[in-house]
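Trainee: Quick one: sequence plus predicted model below, questions after.
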Amino acid sequence: MGRLTADPEMRQTPQGTSLARFTIAVNRRFQREGGQQADFLNCVAWRQTGEFISRYFRKGSMIAVEGQLQSRSWDGQDGKRQYATEVVVDNAYFTGSRNETNTRGAEGSYQSNFSDGGYQPPREAAPQAPAQQDTGFTDLTFTDDAGSEDDLPF
């Protein structure tokens with residue numbers, strides 16, 4: 001979770017797949033003398049996730065992302081090997097209030113993702129208790145000589 005350092009850059013591959021590139025400044029938990037330290041994470045988001053981020057987030061917006069780290073390499077124009085490590089974003093979330101995050105108005109289905117209470121991971125459906133079925137078995141309760149019920153007969 002952090003703030004965007006610049007507006008997301010939206011692109012399309014030659015095949016027409018959309019992607020957004022952006023950098024997040026994440027404050028470290030500790031402070032050194034002279035102020036807060038931050039790490040800068042390069043991120044890439046593909047397809048609808050990238051379009052969502054590009055549409056609703058701007059420089060300075062608070063954002064929380066989920067994804068995987070990916071490293072890649074290529075030969076640069078100077079012939080030297082170049083390396084990059086970035087977060088491939090699977091999910092992105094609004095954090096903080098709308099005024100704090102500098103987001104555009106979140107209309108439509110994205111409205112439900114907005115939260116004034118900070119980072120809210122997606123909620124999984126609560127497990128449903130299996131329906132009671134007649135299995136043909138009878139529950140037995142054993143009573144000892146003193147008249148107390150016990151689950152086990154020994």
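Mentor: Now that the structure is in, tell me what you want to look at. Numbering: from 1, shown residues only.

Trainee: Give the residue spans of this protein that score low on pLDDT.
Mentor: By pLDDT under 70, the weakly predicted segments of the chain are 96-154.

Trainee: quick one: the strands in it?
Mentor: According to DSSP state E, the chain carries its strands in the segments 2-4, 9-12, 18-32, 35-46, 62-75, 81-94, 142-143, 149-150.

Trainee: Comparing those strands, which stretch has the densest surroundings?
Mentor: Stretch with highest mean neighbour count among these: strand 2-4 (a mean of 21; mean count of other C-beta atoms under 10 Å). C-beta: built from backbone N, CA, C; applies to glycine.

Trainee: Packing partners of that strand?
Mentor: If contacts are counted by 3 or more C-beta pairs under 8 Å, 6 or more residues apart in numbering; DSSP states H and E, strand 2-4 sits against strand 18-32, strand 62-75.

Trainee: now those strands in CSV, with distance to Ile53?
Mentor: Formatted as CSV, the helices and strands packed on strand 2-4 follow (distance: least, C-beta to C-beta, whole Å):
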stretch, distance to Ile53
strand 18-32, 5
strand 62-75, 7
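
Trainee: Which of those sits closest to Thr49?
Mentor: strand 18-32 (7.9 Å; C-beta to C-beta).

Trainee: Okay, now the sheet partners of that closest one, with direction.
Mentor: As defined by DSSP bridges, the strand partners of strand 18-32 come to strand 2-4 (antiparallel), strand 9-12 (antiparallel), strand 35-46 (antiparallel).

Trainee: Out of the ones you listed, which gets nearest to Gln82?
Mentor: In terms of C-beta to C-beta, the element of those nearest to Gln82 is strand 35-46, at 13.2 Å.
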